[in-house]
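Trainee: Dropping the sequence and predicted coords here.
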Amino acid sequence: MELGQLRALRELGDRGSIAAVAAALYVTPSSVSQQITALQRHSAAPLTFRDGRRTALTDAGRALAMAAIDVEVALERARQAVALFQGDPLGTVSVVAFHSAGLAVFGPLVTACASPERPDVRLSDFDVAQEDFPLLTADHDLVLAHRLVGSPSWPGSVRVEPLLYEPLDIAVRRDHPLAAKAAIEPADLHDEAWVAVHEGFPLTQALSVIAGIGGSETRILHRINEFSVAAAVVEASGCVALMPRYTTDLGDHPELVLRPLAQPGLGRHIDCLARPETLERNNAKAVLAQIRAIVTTLSR
C-alpha cells in the first residue's frame, strides 16, 4: 500500500465522490480511480461499491480509511520530529579528524562548546588513506579531511566545506645546513634521508613530486604518520621530513625549524566532509562554524 492510495480512499470517504477528491487533490478523476483500484489489489475484501452514479466506501473501505488517518498522523509526527531535530541548536555532534587537524582543533573546539548554549561534541581521530575519508561520513557527522593539491576531488556523494589551504614545509634541525636557507630547492634534498608517511597516505605523492623535480630517488629511512613522532625522530637523527605549516606543533622540539620549498609550492586542502542531510541540522552547522573560527586562527 502506498500513501497516495490510502489518501485517495480517505478523501473519498470524506468527500463522497471521485470528482470531489480529484478537485481537492488537484489531479484528474482518472488518477484517483487508478489509485483506489491499485489499493483494491492489496485487499481481499471490496473497498468500494457503486451507489447510483457515485462510488462509495464499503465497511472494509471505511475501516481502511480510518487506518489511513493513523498513517497520516504518524507521518506528521515523524515530520515534526525531523523538523525539531533539524532546528535544535543543541544535541550531540560527532567530529572526526586526521591526527594533526585533531591536535590543532579538538582542544579549542571542546572549550568553545563547553557552554550550555552549544551542542555537545564527540571527538575521534582517524588515520586513513585519502580516498577513505568520505566513507567516515556514514558514521560521523563532520569529518575533517585533507587532500593533496592536484589529487582527485572528493566524491559528489558528500558535501565539501573548504576550511584551509596549508603549505607543506621541510622540517630540519637548526644545525642542519638546509636550515640556513630561506627556501629549499628540490635539488638541495638530493642526498637527504627522509622520515616519510606510509604508502597510500596523502603526503606520499608530495615526496614523489619533490623527487621528480630534484632528479633523484627519495631515500626513506623511517615511515611515521604521526607528525609529533616524526618530529622527535628528525630531531634525534638529522633526517628531514615534510610537515604541514599551520597544524605542526614544534613546541616540544625547539631544535627543529620549518623551511618552505622554493618550488613546486606543495600543499594540502583541509576540508570538512559531511553527508548533505547532516548540514541541514542547526547543531551541525553551529559546530562547523566553531571549527571555521578555530581554523582561521591557525594561519595568522
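Mentor: Perfect, thanks for sending it.
Trainee: okay, CA-based contacts and neighbour counts for the rest of this
Mentor: Noted.
Trainee: Would you state the helices of the stretch 101-250 of the chain in chain order?
Mentor: Counting by DSSP state H, counting those that start in this stretch, one finds helices in the stretch 101-250 of the chain at the ranges 204-214, 227-237.
Trainee: what's the most buried one of those?
Mentor: helix 227-237 (a mean of 19; mean count of other Cα atoms under 10 Å).
Trainee: any idea how far that helix is from the chain center?
Mentor: 31 Å (Cα atoms, centre = their mean, to the nearest Å).
Trainee: So which elements touch it?
Mentor: On a contact count with 3 or more Cα pairs under 8 Å, 6 or more residues apart in numbering; DSSP states H and E, helix 227-237 meets strand 159-173, strand 193-196, strand 240-244, strand 256-260.
Trainee: coming back round to it: show me the one of the helices of the stretch 101-250 of the chain that comes nearest Ala180.
Mentor: Checking the helices of the stretch 101-250 of the chain against Ala180 by Cα to Cα gives helix 227-237 as the closest, at 16.2 Å.
Trainee: Restrict that closest one to CA atoms and write it as PDB.
Mentor: C-alpha atoms of helix 227-237 as PDB (Å, rounded to 0.1, in the frame of the first residue of the first chain):
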ATOM      1  CA  PHE A 227      53.900  14.300  12.900                       C
ATOM      2  CA  SER A 228      54.800  14.700  16.600                       C
ATOM      3  CA  VAL A 229      56.600  11.300  16.500                       C
ATOM      4  CA  ALA A 230      58.200  12.200  13.200                       C
ATOM      5  CA  ALA A 231      59.500  15.500  14.700                       C
ATOM      6  CA  ALA A 232      61.100  13.600  17.500                       C
ATOM      7  CA  VAL A 233      62.900  11.300  15.000                       C
ATOM      8  CA  VAL A 234      64.000  14.200  12.800                       C
ATOM      9  CA  GLU A 235      65.400  16.000  15.900                       C
ATOM     10  CA  ALA A 236      67.300  12.900  17.000                       C
ATOM     11  CA  SER A 237      68.500  11.700  13.600                       C
END
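Trainee: Mind listing residues that contact it?
Mentor: 100, 171-173, 195, 224, 239-241, 243, 248-250, 253, 255-256 (Cα atoms under 8 Å, 6 or more residues apart in numbering).
Trainee: rerun at 10 Å
Mentor: 99-100, 103, 171-174, 193-197, 222-224, 239-244, 247-257 (Cα atoms under 10 Å, 6 or more residues apart in numbering).
Trainee: Buried ones among those?
Mentor: 99-100, 103, 171-174, 193-197, 222, 239-244, 247-250, 255-257 (16 or more other Cα atoms under 10 Å).
Trainee: Check this structure for its longest helix and report it.
Mentor: helix 59-87 (DSSP state H).
Trainee: Rounded mean pLDDT for it, please.
Mentor: Mean per-residue pLDDT for helix 59-87: 81.
Trainee: The helix or strand following it: which residues count as buried?
Mentor: Next along the chain after helix 59-87, taking DSSP states H and E as the criterion, comes strand 92-97. By 16+ other Cα under 10 Å, the buried positions in strand 92-97 come out as Val93, Ser94, Val95, Val96, Ala97.
Trainee: Over to stretch 103-113?
Mentor: Leu103, Ala104, Val105, Phe106, Pro108, Leu109, Cys113.
Trainee: low pLDDT regions in the stretch 201-300 of the chain?
Mentor: Under the criterion pLDDT under 70, no range of the stretch 201-300 of the chain is flagged.
Trainee: and the nearest residue to Thr92 once chain neighbours are set aside, how many neighbours?
Mentor: What sits nearest to Thr92 in space, not counting adjacent residues and going by Cα to Cα, 6 or more residues apart in numbering, is Asp120, at 4.6 Å. Using other Cα atoms under 10 Å, Asp120 has 18 other residues around it.
Trainee: Show me what stretch 148-158 is in contact with.
Mentor: For stretch 148-158, using Cα under 10 Å, 6+ apart, the contacting residues are 130-131, 133-135, 137-138, 145, 147, 160, 165-168, 201-206, 265-278.
Trainee: among those residues, which ones are buried?
Mentor: Buried among these (16+ other Cα under 10 Å): 130-131, 133-134, 137, 145, 147, 160, 165-168, 201-203, 205-206, 266-275, 278.
Trainee: what does stretch 271-279 contact?
Mentor: 86, 93, 95-97, 133-147, 154, 156-165, 284-286, 288, 291-292.
Trainee: what's the neighbour count on Arg300?
Mentor: Arg300: 6 neighbours (other Cα under 10 Å).
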